[in-house]
Structure formats: structure tokens, C-alpha cells
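Enquirer: coordinates for the following, if possible.
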Amino acid sequence: MKKFQLYVLDDDEEYAQRLAAYIRASEFGERMQVKLFSKSELILEVLDAQQAVGVLLVSETYYRLFLDRRTNLHKMILSETITNSLDAETKVPFLYRFQSLHHLLTRLQAFYAEKLNEERSSHGTNKTSVISVYSSSGNSGKTMTAIHLAKQLSFRGERVFYLSLESVSSTSLWLMGETGRFSQLIYYLKSSPELLGPKLQLLKSVDLQLRIDYLSPNDQIREMQEISGEQIRILIDTLISLNEYEYIIIDLEASVHPRIVKGLEVSDHIIWLVRDDLNDVYKTKVLYKQLGAMHNVHFVVNKYTGVQTNDFSELGRDIAFNLPYIPEWKSIRSPEQMWASSLFSEQAYEMAAALCIIKGNAALRAEGAAAS
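Expert: Here you go, the predicted structure:
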């Protein structure tokens with residue numbers, strides 16, 4: 001999300017200066033640019049001179065002057081007496097002046113994100129596609145597949161969010177961004193889910209080279225075990241509501257923990273990896289049956305050597321794609337080694353195209369590549 005403009009008109013200049021200083025020195029400075037006004041005529045000149053976009057925060061002394069004023073700015077009232085609520089007559093929200101600046105700005109940012117989401121929805125913005133990568137046993141290549149798919153989509157101009165729901169994730173080895181933020185997000189997910197949207201903007205990690213936003217647990221094993229399925233639904237719904245991503249790639253672990261099952265339930269597509277191994281095929285058959293009817297499952301054989309040795313017919317669904325075995329990955333010694341295989345990376349994208357997982361511009365680009 002780009003920075004939005006925050007126009008503040010307040011008769012308490014000292015408070016306004018303190019608010020602006022806090023924004024510029026805190027993480028909120030990454031999301032908003034503040035401009036202060038102490039006289040209404042000055043801000044009216046600005047509003048008349050340009051098509052401003054953002055939030056207009058006015059104190060109770062001035063806000064009646066702006067109720068009927070046409071502007072693209074979303075209005076909020078800075079109040080000394082009324083806590084966070086709506087004006088019954090105008091439906092303009094109040095912000096209580098004497099709460100902590102962190103809480104005030106978090107609520108302001110949540111308000112703006114909600115308004116932005118409403119505007120995008122009214123213009124028919126395409127729904128974010130949620131793609132999960134799952135398997136019935138470990139060492140199947142879920143993380144490799146999920147990350148390479150995210151990379152390929154990102155490099156083709158798609159906006160991608162990678163979400164690991166593993167108890168212990170190796171993502172920090174492959175993606176270069178600030179880690180250790182998941183525990184803070186879990187706190188808000190449990191205590192203040194209504195503030196999750198703006199907190200996601202502040203606490204997500206970003207790999208600048210791959211252009212992927214992501215969340216990955218670092219050492220939150222107990223916290224991940226305590227997350228409920230409903231909390232995962234809230235997290236993914238919030239990510240979708242940001243309207244920033246064409247794709248959310250969920251890296252699941254081989255378990256039936258409620259957070260994993262909910263991740264499967266909310267997915268538009270499930271890439272279920274299977275190895276050409278009797279034990280893995282049996283576990284896949286049993287687990288697929290136990291999880292119930294899921295019509296969005298695509299069984300994909302990973303580490304395919306070119307020769308099939310097991311019978312997959314008992315799965316009840318055809319194998320949708322084969323991902324190649326990469327001998328260099330038998331023993332990983334460095335992150336560079338993991339990114340070295342262009343073959344697997346390209347095949348991950350070809351898989352998504354073959355399964356009709358990619359859409360819109362990405363699908364057109366895939367058709368063009370196939371035609372050439």
C-alpha cells in the first residue's frame with residue numbers, strides 16, 4: 001500500500017505537532033504522510049486546489065464546516081469527549097483524542113483501509129485467489145513448490161503474498177526480509193482481530209529482490225499449536241480484504257491441526273503433493289478420504305524421475321501434473337543452491353497454468369508463452 005495523505009486540522013497546535021512527530025518517528029510513517037493546519041481557510045484552499053486522497057482529521061471545533069463539503073478525503077472527527085464511535089447524524093467516525101497515539105493511528109489506518117476496500121469492491125476488483133500446498137507426509141517438497149510458485153507469479157507482475165502455517169518453517173532461509181514478527185501478529189489476531197488489517201501492513205515481511213510479501217513463523221511452535229481454525233480464517237479473510245494481492249500462497253504442513261484444515265477449507269485451489277512411494281500413496285488415500293469431499297484438489301507428483309512405480313488410481317482422482325526430481329536438492333547446503341534450479345521453477349509455473357490456477361493477465365501471458 002502506498003502512503004496516503006493525512007490532513008489534520010486542529011485548534012490544539014501542540015497536540016497536532018506531537019501527533020505529526022510521532023507519525024514521522026514511528027512505523028506509521030511508512031504508511032501515511034501528515035500535513036498540519038491550524039486555520040480552516042488554509043486547508044480549504046488546499047482542497048479546492050487539488051484532488052486530495054486520504055483522510056481528513058478535524059477537531060470538534062471545525063468539523064461542522066466540513067460535513068457538507070465535497071471532497072475525496074474520508075472524514076474523521078478528533079473528539080475530547082466521545083470515544084471511538086460514529087456520529088449518529090452524519091455517520092462520520094469519532095476518534096478519542098486522549099487515547100494513546102499508537103491506538104489512535106491504528107484505528108485511523110483501519111478506517112482508511114476499510115474505506116479503500118469498499119471503493120475497490122464497488123469497482124469490481126478481482127477476488128484474490130488462495131492457493132495452498134499440502135501433502136500427507138513430510139519431505140514432499142511443499143515449501144520448495146510454494147516458494148518457487150510465488151516467485152514465478154511475482155516475476156510475471158502478479159502481486160503475491162506467501163503465508164507459511166508450518167509449526168517450524170524454513171522460509172527465513174530462502175526469503176530475505178525481517179523475521180520474528182509473526183508472534184506480534186498472533187497477539188493481535190487473538191486480542192484485537194478488528195485491528196489485524198493495519199497490523200498486517202506493519203508486521204508483514206518483504207523480500208525486496210523477489211518482490212514477495214510474506215509471513216512465516218520463526219520460533220513460535222507453541223503459539224502455532226494454539227491457533228484455532230477460526231483465527232486462520234480471520235487472518236486469510238483480512239489478507240484478502242486488503243485487496244493488494246492477486247494470489248495468496250499458503251504453505252501447509254503435513255498434519256490435520258485445525259489451522260491446517262481451515263487453510264484447506266478456505267483455499268480456491270489445493271496443490272496436494274504426492275511422492276511415488278507406496279507409504280506416501282497410502283497415507284494420501286486415507287487422509288484424503290478422512291478430510292471429506294474437496295473438489296478443488298489437484299494431485300501433483302513431486303520428485304518425478306520419469307518412471308512411475310506405484311498405482312495412483314486408488315486416490316480416486318487423476319494425477320494432474322508431475323514436478324521433476326532435482327538431484328542437486330538431495331542435500332541442501334546454501335540458499336543459493338535452492339534457487340539454482342530454473343527447471344523446477346519454470347515447471348512450478350507450468351503446473352499452475354495447466355491446472356488453470358492462474359487467471360487474468362497471468363493466464364494471457366502463459367498462453368502467449370505457449371504459442372511462441
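
Enquirer: switch to C-alpha atoms for all contacts and neighbour counts from now on
Expert: OK.

Enquirer: ok now the helix or strand that contains residue 46, how far from the chain's centre?
Expert: Take DSSP states H and E as the rule and residue 46 turns out to sit in helix 40-49. What separates the centre of helix 40-49 from the centre of its chain is 37 Å, taken as CA atoms, centre = their mean, to the nearest Å.

Enquirer: after that helix comes which helix or strand?
Expert: Heading C-terminal from helix 40-49 (DSSP H and E), you reach strand 54-59.

Enquirer: strand partners of that following strand, parallel vs antiparallel please.
Expert: Strand pairing for strand 54-59, using DSSP bridges, gives strand 4-9 (parallel), strand 74-79 (parallel).

Enquirer: next, the angle from it to helix 40-49.
Expert: Strand 54-59 and helix 40-49 are oriented at 160 degrees to each other (axes from the mean of the first three to the mean of the last three CA atoms, to 10 degrees).

Enquirer: identify each buried residue in the biggest helix by length in the chain, please.
Expert: Secondary structure of the chain per DSSP state H: the longest helix is helix 101-122. Buried residues in helix 101-122, counted by 16 or more other CA atoms under 10 Å: 104-114, 116-117.

Enquirer: how about these in TSV, adding distance to residue 63?
Expert: Shown next, in TSV, are the buried residues of helix 101-122 (distance: CA to CA, whole Å):
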residue	distance to residue 63
104	18
105	19
106	21
107	19
108	16
109	19
110	21
111	17
112	18
113	22
114	21
116	22
117	25
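
Enquirer: in CSV, list the strands paired with strand 54-59 along with distance to residue 222, mean pLDDT and mean neighbour count.
Expert: Shown next, in CSV, are the strands paired with strand 54-59 (distance: least, CA to CA, whole Å; pLDDT from 0 to 100; neighbours: other CA atoms under 10 Å):
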stretch, distance to residue 222, mean pLDDT, mean neighbour count
strand 4-9, 37, 89, 22
strand 74-79, 40, 88, 22
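
Enquirer: to residue 310, which of those strands lies closest?
Expert: strand 4-9 (56.2 Å; CA to CA).

Enquirer: next SSE after that closest one?
Expert: helix 13-25.

Enquirer: which secondary structure elements does the helix or strand that comes right after that following helix contact?
Expert: Remark: after helix 13-25, the chain's next helix or strand is strand 32-37, criterion DSSP H and E. The elements that strand 32-37 packs onto, with contact taken as 3 or more CA pairs under 8 Å, 6 or more residues apart in numbering; DSSP states H and E, are strand 4-9, helix 13-25.
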